[in-house]
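> Okay, here's the prediction I keep looking at, along with the sequence it came from:
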Amino acid sequence: NRVPTGTATRPTANALSSSGHNFYGPANPLGDILGNSNDQNSYPAGYPTAEASKVEVRVKRDGAGSLIWNACASGCTWTGVDTWRTVVGTSSWNYDITKLTSTPVGANNSLGWDSNRRMSVEVRVTDLVGNLSTLTTQYFTWDGVLPTSDLSYPASAYMPAVALISGTAADLDTILAGLGKGSGVRDVEVGIRDNRPAFQSWWDGTGFNISDADHTAGAGWIKASTAPEQAPPTGVAWSLPATTVTFVTSLYGYSVNARTIDQANNVTAPVSTFSFIFDGVKPAAVLQKPPVLANNTISNLPFISGTASDNIGLSKVQVRIKSNGPGLFWNPGDYTAGDFKFVRGEADEGAWFDAGGTTANWSTGPFTASFYQNTKIYSVHARAVDNAGNIAYFTAATFTFTTELPESFVAQPGVYALSTFPNSITGTAQDFISVVSTVSLALTRITDGGWFNGVDFFPTVGGVPTWIKLTDLCGNPCNWSFDAATLISRLTPGLEYR
């Protein structure tokens, strides 16, 4: 009258446990269902030992549409008919996995287990005299759904620095918040590849020392830090510090891969990947107009122009204009007369405006003569921005704007009628705002309108003067002179010259 007992050992042997559930999946298959049974010893002593004569297994699917597995030889599926199957063996028994080869509609694995549904394996034993054991039940969940992984940072095609790699991961059918029976996220791993032809290898924590073949085999994956898992779509926030990664400025760039591993050992496929070009070097900008000179004076500046360069690629060149009197910068687009348009402060990014032309040879304008005020001092700043967002140290040119005309005087000859011409023509020049740069001399024979070109007198088209340059950067005041030896030999007595 003693009832026998039966136990299933797999499940749960070799299952992966999470949140009180036992998980199997394609990466951790269940295999055959195994167990053991026995009958109670006979009583009193000396009677023949009783033994189990039959072990039966029933597999059920929990949840909506709960059904029983009709595990026949072929073409079997879930059924509403109460189905017990006799297994091989008694004291140690085995339910061959080949009994579970059907793939019903909606299943996503070759064993017919529905992903993220809890399964129960029930065992009952009958002994030789027909006693039936109580049911023994083991539970497991099949997780055949791959987790997901998303890269949030880096997120730009060009990066000036990468201190942190981050993103999110999710098991869309996670057990959290009653959403299915997925096993949930266990780990997130990151791989970083140097794409330079001489390297083409993966980061191992100290250098790019892992080949593509070794990475494919599983090396070069670094575990990221993960936050507690939240119900989808939030999932798991993850991050990996990258301050020790030796990124080098290169046109070939880097690739970052991320993959998620769930509690059932399922791995994201395909992995998330993002490639970018690293550029940690600032670009450079050069001002040509106005030139970068000391004591610079300008009377006309319709266009501001220059050049720029970068190791990887330029994005734009920006300019700002400062009126040094109030110490404020131009409000771009405001062409009000006077200095009332200079209202922006040093830290105001709105003072910068984009130049036109190509980034390598840029210009901006036009600026009318009334844009600048006579005798006022201005500064023009230019900076380049590359594709990675690196901003160059700005270059600056300061100048005094003047519309005042310089003055020049002839000291010798100093009288109208001459009997002897001096050996040199001399004089002075001056400017009240700037310094005298160039002095030129033009000498005409009034009788026929010929102009002296340093050799002789020749007529010009339209009587345009022939100017002979005397000085460069003469100073202020400027004392100039012209050697008249050749001129004297070409002068004719009685004719009038100017």
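Sure, I can see it.
> Number of residues surrounding residue 262?
Using other Cβ atoms under 10 Å, residue 262 has 29 neighbouring residues. No exception for glycine: its C-beta is placed from N, CA and C like everyone else's.
> Spit out the contact partners of it.
Contacts for residue 262 (Cβ atoms under 8 Å, 6 or more residues apart in numbering) come out as 143, 146-147, 171, 182-186.
> Residue 498 against residue 450, yeah?
No: in this structure residue 498 lies outside contact range of residue 450 using Cβ atoms under 8 Å: 11.6 Å.
> okay, the two: which has more neighbours?
residue 450 (19 against 7).
> Report the separation between that one and residue 469.
19 Å (Cβ to Cβ, to the nearest Å).
> buried residues in the helix or strand hosting residue 187?
Using DSSP states H and E, residue 187 falls within strand 185-194. Buried positions in strand 185-194, judged by neighbour count with 16 or more other Cβ atoms under 10 Å: 185-194.
> just curious, which of those is nearest to residue 24?
In terms of Cβ to Cβ, no member of these lies closer to residue 24 than residue 186, at 14.7 Å.
> Look at the residue nearest to residue 490 when sequence neighbours are not counted and say how many residues are nearby.
The shortest distance from residue 490 to any non-neighbouring residue, by Cβ to Cβ, 6 or more residues apart in numbering, is to residue 456 (5.3 Å). By the criterion of other Cβ under 10 Å, residue 456 has 12 neighbours.
> same question, residue 377
15.
> if I look at it, how far off is residue 297?
Going from residue 377 to residue 297 by Cβ to Cβ gives 10 Å.
> remind me which residues of the chain are low pLDDT?
Applying pLDDT under 70 to the chain flags residues 1, 40-50, 64-65, 71-76, 98-112, 176-180.
> hey, what's the residue nearest to residue 424 when sequence neighbours are not counted bridged with?
Once flanking residues are discounted, residue 424 sits nearest to residue 481: 4.9 Å by Cβ to Cβ, 6+ apart. Using DSSP bridges, the beta-bridge partners of residue 481 come out as residue 426.
> Pretty sure residue 158 sits against residue 385.
No: if you go by Cβ under 8 Å, residue 158 and residue 385 don't touch, sitting 11.0 Å apart.
> out of the two, which sits in the busier spot?
residue 385 (22 against 18).
> Name the SS class of the more buried one, please.
strand (DSSP: H, G, I helix; E, B strand; the rest coil).
> For it, give me its contacts.
Neighbours of residue 385 in contact, by Cβ under 8 Å, 6+ apart: 283, 314-318, 391-392.
> What values do phi and psi take at the closest residue to residue 431 other than its chain neighbours?
Once flanking residues are discounted, residue 431 sits nearest to residue 406: 4.0 Å by Cβ to Cβ, 6+ apart. Phi and psi for residue 406, reported as degrees, to the nearest 10, are phi -70, psi 170.
> Reformat the contacts of residue 262 as TSV; add distance to residue 269.
Output for the contacts of residue 262, formatted as TSV (distance: Cβ to Cβ, whole Å):
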residue	distance to residue 269
143	14
146	6
147	10
171	14
182	16
183	16
184	18
185	15
186	16
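> Most neighbours among those residues, which one is it?
Among those, the one with the most neighbours (other Cβ under 10 Å) is residue 143, at 35 neighbours.
> I'd say that residue and residue 21 touch.
No: using Cβ under 8 Å, residue 143 makes no contact with residue 21, being 9.2 Å away.
> any shared contact partners between these two?
Common neighbours of residue 143 and residue 21 (Cβ under 8 Å, 6+ apart) are 181, 183.
> Need phi/psi at the closest residue to residue 371 other than its chain neighbours.
Among residues not flanking residue 371 along the chain, residue 335 sits closest, at 6.7 Å (Cβ to Cβ, 6+ apart). As for residue 335, its main-chain torsions (degrees, to the nearest 10) stand at phi -110, psi 30.
> Does residue 335 touch residue 341 like I think?
Yes: contact status for residue 335 versus residue 341: in contact at 6.9 Å, counting by Cβ under 8 Å.
> Compare the two and say which is more crowded by neighbours.
residue 341 (19 against 11).
> show me the contacts for that one.
By Cβ under 8 Å, 6+ apart, the neighbours of residue 341 are 330-331, 334-335.
> among the residues you listed, who's most crowded?
residue 330 (23 neighbours).
> does it have beta-bridge partners, and which?
residue 342.
> and the gap between the residue sitting nearest the centre point of the chain and residue 270?
Residue closest to the average C-alpha location in the chain (Cα atoms, centre = their mean): residue 156, at 2.4 Å. Residue 156 sits 22 Å away from residue 270, going by Cβ to Cβ.
> contact partners of stretch 146-158?
Here stretch 146-158 makes contact (Cβ under 8 Å, 6+ apart) with 162, 164-172, 185, 188, 235, 256, 258-262, 266-269, 271-274, 276-279, 312-313, 386-389.
> In strands, which of those fall?
Among the contacts of stretch 146-158, the members found in strands (DSSP state E) are 164-170, 185, 188, 256, 258-262, 272-274, 276-278, 386.
> Quick one, which of those residues are buried?
By 16+ other Cβ under 10 Å, the ones in strands among the contacts of stretch 146-158 give 165-170, 185, 188, 256, 258-262, 272, 274, 276-278, 386 as buried.
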